[in-house]
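I would like to see how this sequence folds:
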Amino acid sequence: MTPVSLASMLSATVTVFMCLLFARAAWHKLSEFTEFTGFVADYQLFPSALVVPASMAVVGAEILVVLLQLVPGFQAWGLVLAITMLCLYAAGMAINIMRGRTSIECGCGGAVQPLSWSLVGRNGVLVAMAAAAVAAGSYSLDAASAVAALACGFTLWTGFVLAEQILANASIARLTR
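I've put the predicted structure just below:
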C-alpha cells in the first residue's frame with residue numbers, strides 16, 4: 001500500500017468507527033430521553049429551563065455527526081463536529097470532576113460509568129483519532145478496501161465497546177468494596 005492509500009484507509013476506518021460510536025450514543029439518548037435529560041441536569045451546567053433544549057441539541061448534533069459522515073464529501077465536517085462534541089463532553093466531565101461530583105453517570109450511552117479522569121482521557125483519544133482522520137483528508141477506496149475499512153471500523157468499535165464495559169465493571173467493583 002502507498003502512504004496515500006494508508007491515509008485513505010485510516011480516514012475511512014475512523015469515519016466508520018465514529019459513525020457507529022455516535023449512532024449508538026444517539027440511539028441510547030433517544031431511547032431513554034427522560035433518563036438522558038436527568039444526566040444532563042446532574043451535570044449542573046445549564047439552568048433547569050434549558051436542560052431539555054440542551055439535551056435535544058446534543059441528540060441532534062450526534063445524529064448530524066452520523067448523517068454528515070454518510071454523505072460523500074461531508075465526512076470531514078462530520079468528524080469536526082464529532083471533535084467539537086467530544087471536547088464539550090470532556091469539558092463538562094472535567095468541570096464536574098473538579099467540583100468533586102464524580103458519582104454522577106456520564107450519560108455517554110452504553111455501560112453505566114460514573115465520571116472519572118479516564119473518561120476525559122478516553123475522549124482525548126477519540127478526538128486525536130478524529131483529528132488524524134481529518135488530517136488524512138478525504139478518501140477514495142476501491143470495493144475491497146472499502147470492505148476492509150468497514151471491517152476495521154467495526155472491529156475498532158467493538159473493541160471500544162468492550163473496553164468501555166471493562167471500565168464500567170472496574171468502577172462498579174471499586175464502589176462495592
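
against which helices or strands is the worst-scoring helix or strand of the chain on mean pLDDT packed?
Least confident helix or strand of the chain, by mean pLDDT, DSSP states H and E, is helix 143-176 with a mean of 83. Where contact means 3 or more C-beta pairs under 8 Å, 6 or more residues apart in numbering; DSSP states H and E, helix 143-176 is packed against helix 3-31, helix 117-136. The way it works is simple: take the backbone N, C-alpha and C, and place the C-beta from them, glycine included.

buried ones in it?
For helix 143-176, the neighbour count (16 or more other C-beta atoms under 10 Å) marks 145-146, 149, 152-153, 156-157, 160, 164, 167-168, 171 as buried.

report the angle between that helix and helix 3-31.
Helix 143-176 and helix 3-31 are oriented at 50 degrees to each other (axes from the mean of the first three to the mean of the last three C-alpha atoms, to 10 degrees).

quick one on the thing from earlier: among the helices and strands packed on helix 143-176, which is the most enclosed?
helix 3-31 (a mean of 20; mean count of other C-beta atoms under 10 Å).

what's the next secondary structure element after that one?
From helix 3-31 onward toward the C-terminus, using DSSP states H and E, the following helix or strand is helix 33-43.

with just CA atoms, put that following helix into PDB.
C-alpha atoms of helix 33-43 as PDB (Å, rounded to 0.1, in the frame of the first residue of the first chain):
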ATOM      1  CA  PHE A  33     -34.600  10.500  26.600                       C
ATOM      2  CA  THR A  34     -36.100  11.200  30.000                       C
ATOM      3  CA  GLU A  35     -33.200   9.400  31.700                       C
ATOM      4  CA  PHE A  36     -30.700  11.300  29.500                       C
ATOM      5  CA  THR A  37     -32.200  14.700  30.500                       C
ATOM      6  CA  GLY A  38     -31.700  13.600  34.100                       C
ATOM      7  CA  PHE A  39     -28.000  13.000  33.300                       C
ATOM      8  CA  VAL A  40     -27.800  16.500  31.700                       C
ATOM      9  CA  ALA A  41     -29.400  18.000  34.700                       C
ATOM     10  CA  ASP A  42     -27.000  16.200  37.000                       C
ATOM     11  CA  TYR A  43     -24.100  18.000  35.400                       C
END
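
now the angle from that helix to helix 3-31?
100 degrees.
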